[in-house]
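Colleague: sequence and predicted structure, then a few things I'm wondering about:
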Amino acid sequence: MSRSIVPGTLARLPWGMLALITAICGFGLLVLYSAANANVRPWAFSQGWHFLLFLCGAIWLSRFREEEIKSVALPIYVILVLLLIGVEALGAVGGGSRRWLDLKIIRLQPSELMKPGIVLALAWFYDLLPVGETRRWSAIWPAAVLIGVPFALVMVQPDLGTALMIAFGGLAVVFLAGVPLRLFAGGLLAVAGLTPIALHMMHDYQRRRIEIFLNPESDPLGSGYHIIQSKIAIGSGGIAGKGFLAGTQSHLDYLPEGHTDFVFATMAEEWGLIGGIGIIIAYLFVIRWGMLVAGRAKTRFGRLAAAGLSTTIFLYVAINLAMVMGLAPVVGIPLPLVSFGGSAMMTVLICLGVLMAIDRQHHRGG
Amino acid sequence: MHILGRGRIITEQALAYSFTRRAIVLGAVQLGIGGLLAGRMAWLAIAQKDKYDRLAESNRVQSRLIPPRRGWIVDRNGLPIAINRTNFRIDLIPDRLQDPDRIIDELRALLDLPPEEIARIKEALDRSPGYQPVPVAEDVPYERFAAISVRQPDLPGVAPTSGYARAYPAGAAVGHLVGYVGPATIEDYQRTRDPLLIAPGFKVGKEGIEKIMEPWLRGHPGARRTEVTAHGKLVAELTTRPEEMGHTLKLTIDAPLQEYAARRLGPNSGSAVVIDTVHGGILAMASMPAYDPASFADGISRSEYAMLSADDHTPLQNKVVQALYPPGSTVKPMVALALLQAGVDPRERVSCSGVYRVGNGLFHCWRHRGHGPVDMHRAIQQSCDIYFWSMGRRLGIDRLAPMARALGLGQRFDLPLTGQRSGLVPDSAWKLARYKHPWTQADTVNSAIGQGYFLVKPLELAVMASRIASGRALQPRLIANRRYGPQGGGLGISDEQLAIIHAAMRDVINSGGAGTAGSARLPVAGVEMAGKTGSAQVRRITMADRAAGRTNTELSPWRYRDHAHFIGFAPFDQPRYAIAVSLEHGAHGAAAAQVARDIMTFLYAPDRAQTTLAALEQGWGGDIRARMAETAQRWRDAHDSSPTPAQEQAEPADGGGEQAD
């Protein structure tokens, strides 16, 4: 009876997952409200609208068929690569580093969209690859090119965090595609061999970040300040936190970037270990949902794309949390849905939209 | 390529199976990393919570010391000598400073700082160890102070403080008496790690009473705990513990007398000490010229210090305890006491012809024509040298020296003063030890009139005057604590012996011009002063000088003139006050006697003494403050054009003309 009242497309949406991300974002809005000293402006209000907007976008994406998505995977990838080159060229002309194209309506950050873009392109590639070729070089080198080009373009922007996310996201797909572990390990060794060259090409500030990550106390007032203050916020929050609106590190401005990259520290200070573990578990459930979608998918493209996109969401959360807790260098990866800012939220909801599309096709739509 | 794919047939089925396995591995890795992150967070929030609580707390709460107000220094009647006045000041804390050039530039504009101050601040910043505040400006007008206070969040490292500064109402007149305060040294802080020492505006005693009585005067700091943002903006006051002011220090000094004595010394380089002959309290202790102790409080400018160092009137020296002079004829009453103790009949006469022979040497009495036959009374009254030469030889130095020491010469006194030196009372054992030569008759002759090896500091002369006046072993004191009262054991001198000396000393002044200091007679009915002058040679009078009639040094260049001393007490019949005045190169003891007369007059008839002083100061070009300002102005005019430090130090401040003979 009740089924007939609700339109079929709506009924088939994964409401549990949607409720979960809405809860995460809602909790994020509370944190942003507190970070702005009990104000919905300038962050919470606009973040809420962005979420609603991108959520609608994700639901709209979920209506596409898998074949349609697969057919645009490569063109989108190519366009994003061209845009990355365009950003680089504009940066070279304008002077200094650039990460975005100003399209007047929105600031388009091609490297951000490349995170799901690389996953879809690789899924498309392995879907196309004849099954027998999987254990051959022809399964590796095109993938290496597909990953290497955007990786290199983002590295020179320079944006170490995003470049690493593109690489890890891509490698996860290569791994899942069934490439022999020996080959895979050989590829990783080659990357390891290239690391010194990469280090050499890194900017001073990036090298310094890694150095400070290894020993934050070496520069307590400079770059190490972020990590030290973030750990103070998390540690002093304790188990139950200092209470909503009662965080001192964030309210007295000791915690830098407390509404963007370090929003988790702002949250942990007021909500404590309970809030932090809650958010981690919520994310794990979202990612688990994505991995289950991958497991249910019947096509090779669907499996690889779903698992890769889930991994992309995982990478956001894991890199951000590791950075905030002093386990990774400060690389500028936000906590999706919670950190203020539209880009990461848009990327994650694109991932979820595509996941919903795949899910609809293989699970409910059959 | 074969090597890799050798012989294995890959099916869609196998690939799907491989995907599932690998997806499980990937999921497990993700779960593992999630667990690791949760564990890391638990480690931070549970195991290390205390540590991070402390760090968060020390971020949030800023504890600020409230430096204690320094105890007052007051005179015997409670009149203020050193007090505190409210003061708005600006300091820089180098450790918190960001972009020093911009901040100094803004401060220059906000405070209207002159370029030489900017140079001083930059130099101090370079030398500062970071935690030590660098003073920018003191006594900032409230409007400017407020302007900087509200902008403080934009000016990291700038510390506006409203506190207290030491003030000395009498200025230079008490400079050498109290010493001065200044910022603690870096070494002090490194030794004690007392945060009070680096609190902006906090001062410690650096010299004199301010230094020695530091523990009594300092007090205990209070604390103000405030909640501040990362940018130093104050959010809330948490708790405040008030400071405890230091104790008040009561001196035996009589502040008006001290100021009068300092002023009466005028442009002389000299000192005056007045001692209460009942309690032994020092009522006045002036050394002039002096520095204004307030100008040292915030670090004296290099130019001002150079000026003070270069002055041949040594304004940086506390002459009362740091200068040593031959006492000259002021020792004659003391020598006479030693003679009486040795059994010499005071009526015994010595014939003074003006010249006295010792071996091959000829000694000339100051009165070339001679005094004729003189007994002890006349010898003191007219300061006959030949009487004391002759009697001194009979007595011998080793019976003279103990009396000198008993009356306070060559002694150190237990007083809260820095840099106290001891005079020298020579005797035969000393000379043998010091010069490996036996004592000679000529040495005795010189010592008997306070010349030769004899050296005293002005305080010793004052103590000698107080002991001759009272007949008791008075110890000089400066601090009027609970134990302060009449004091002094006997000296083994009988009242009769004392009366002989007192009568002779009275007639030095009060015998209608027959004595050497008739001009020192007190203009106060019923109060007579007794005393003795002394003129100590700075340069030996040669035969050539004598032939040319240059035995009177009043017309010589300033630095070759005799030192002028006077010791005395009043009232003659019931001594209450003892005085000693020393004027460097004052030419003749009578000059010192006149200064002593006016200071003593001030104790009985202050109005009369003030009238005398007012007339004198007109001739000198104003009071101490006015004259110091003028000297400083002349110094600046002479040095502004060529302000290299080497030159500043090489040239004397003034008196250049005087030295050209």
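Modeller: On my side now, so go ahead.

Colleague: tally of neighbours for residue 138?
Modeller: If you meant another chain, say so; for now it's chain A. Per other Cβ atoms under 10 Å in any protein chain shown, the neighbour tally for residue A:138 reads 14. In this view, the C-beta of every residue, glycine as well, is placed from N, C-alpha and C.

Colleague: actually chain B
Modeller: The burial count for residue B:138: 17, using other Cβ under 10 Å.

Colleague: my guess is it meets residue B:89, correct?
Modeller: Yes - counting by Cβ atoms under 8 Å, residue B:89 is a contact partner of residue B:138 at 4.7 Å.

Colleague: spit out the residues that contact those two alike.
Modeller: residue B:165 (Cβ atoms under 8 Å, 6 or more residues apart in numbering or on different chains).

Colleague: how about the nearest residue to residue A:43, chain neighbours excluded?
Modeller: Closest residue to residue A:43 apart from its sequence neighbours, by Cβ to Cβ, 6 or more residues apart in numbering or on different chains: residue A:32 at 4.1 Å.

Colleague: in what helix or strand does that neighbour lie?
Modeller: helix A:15-35 (DSSP states H and E).

Colleague: starting at the chain centroid, how far to that helix?
Modeller: 17 Å (Cα atoms, centre = their mean, to the nearest Å).

Colleague: dihedrals phi and psi, residue A:164?
Modeller: phi -70, psi -40 (degrees, to the nearest 10).

Colleague: what about the residue in chain A positioned nearest to chain B, distance to residue A:66?
Modeller: The nearest approach of chain A to chain B comes at residue A:235, 2.7 Å away (Cβ to the nearest Cβ). According to Cβ to Cβ, to the nearest Å, residue A:235 stands 46 Å off from residue A:66.

Colleague: for the stretch 51-200 of chain A, which segments are assigned as strands?
Modeller: Listed in chain order, the strands found in the stretch 51-200 of chain A under DSSP state E, counting those that start in this stretch are A:101-102, A:107-108.

Colleague: which of the ones you listed has the lowest average pLDDT?
Modeller: Mean pLDDT values for those show the minimum at strand A:101-102, a mean of 65.

Colleague: list the contacts of residue B:598.
Modeller: Residue B:598 touches B:264, B:609, B:612, B:613, counting by Cβ under 8 Å, 6+ apart.

Colleague: from what I can see the third one touches residue B:602, true?
Modeller: It refers to residue B:612. No - using Cβ under 8 Å, residue B:612 makes no contact with residue B:602, being 9.1 Å away.

Colleague: ok, those two, which is more surrounded?
Modeller: Between residue B:612 and residue B:602, residue B:602 has the larger neighbour count (other Cβ under 10 Å), namely 25 against 18.

Colleague: got the contact list for the single nearest residue of the stretch 1-150 of chain B relative to chain A?
Modeller: Relative to chain A, the nearest point of the stretch 1-150 of chain B is residue B:52 (2.7 Å; Cβ to the nearest Cβ). Counting by Cβ under 8 Å, 6+ apart, residue B:52 touches A:231, A:232, A:234, A:235, A:236, B:44.

Colleague: same question for residue B:161.
Modeller: Applying Cβ under 8 Å, 6+ apart, the residues near residue B:161 are B:88, B:89, B:90, B:91, B:200, B:201.

Colleague: look at the closest residue to chain A within the stretch 401-550 of chain B and say how many residues are nearby.
Modeller: Closest residue of the stretch 401-550 of chain B to chain A, Cβ to the nearest Cβ: residue B:418 (42.3 Å). Here the count is done by other Cβ under 10 Å, and residue B:418 has 18 residues near it.

Colleague: which residue is nearest the middle of chain A?
Modeller: With distances taken as Cα atoms, centre = their mean, the residue of chain A nearest its centroid is residue A:316 (3.6 Å).

Colleague: buried residues, the helix holding residue A:32. List them.
Modeller: A:17-18, A:20-21, A:24-25, A:27-35 (16 or more other Cβ atoms under 10 Å in any protein chain shown).

Colleague: and for stretch A:240-247?
Modeller: A:241, A:242, A:247.

Colleague: ignoring the adjacent residues along the chain, who's closest to residue 206?
Modeller: As the question left the chain open, I've gone with chain A. residue A:160 is the one closest to residue A:206 (Cβ to Cβ, 6+ apart), at 5.3 Å.

Colleague: look at chain B instead
Modeller: What sits nearest to residue B:206 in space, not counting adjacent residues and going by Cβ to Cβ, 6+ apart, is residue B:182, at 4.5 Å.

Colleague: looking at it, the residue of the stretch 401-550 of chain B closest to chain A is touching residue B:211, isn't it?
Modeller: Yes - using Cβ under 8 Å, residue B:418 is in contact with residue B:211, at 5.9 Å.

Colleague: which secondary structure state does residue B:273 sit in?
Modeller: Assigned by DSSP: H, G, I helix; E, B strand; the rest coil, the conformation of residue B:273 is strand.

Colleague: related to what we said a few turns ago, now the residue of the stretch 401-550 of chain B closest to chain A, what are its backbone angles?
Modeller: phi -100, psi 150.

Colleague: residues contacting it?
Modeller: Taking Cβ under 8 Å, 6+ apart, one finds B:179, B:207, B:208, B:211, B:212, B:318 in contact with residue B:418.

Colleague: list the contacts of the last one.
Modeller: Residues in contact with residue B:318 (Cβ under 8 Å, 6+ apart) are B:176, B:208, B:287, B:417, B:418, B:419.

Colleague: can you list which of those residues are found in strands?
Modeller: Using DSSP state E, residue B:287 are the members of these that sit in strands.

Colleague: okay, how far is it across stretch B:544-557, tip to tip?
Modeller: End-to-end distance for stretch B:544-557: 17 Å, by Cα to Cα, to the nearest Å.

Colleague: residue B:241 and residue B:65 touch, don't they?
Modeller: No - using Cβ under 8 Å, residue B:241 is not in contact with residue B:65; the gap is 10.0 Å.

Colleague: which neighbours do these two share?
Modeller: B:222, B:223, B:224.
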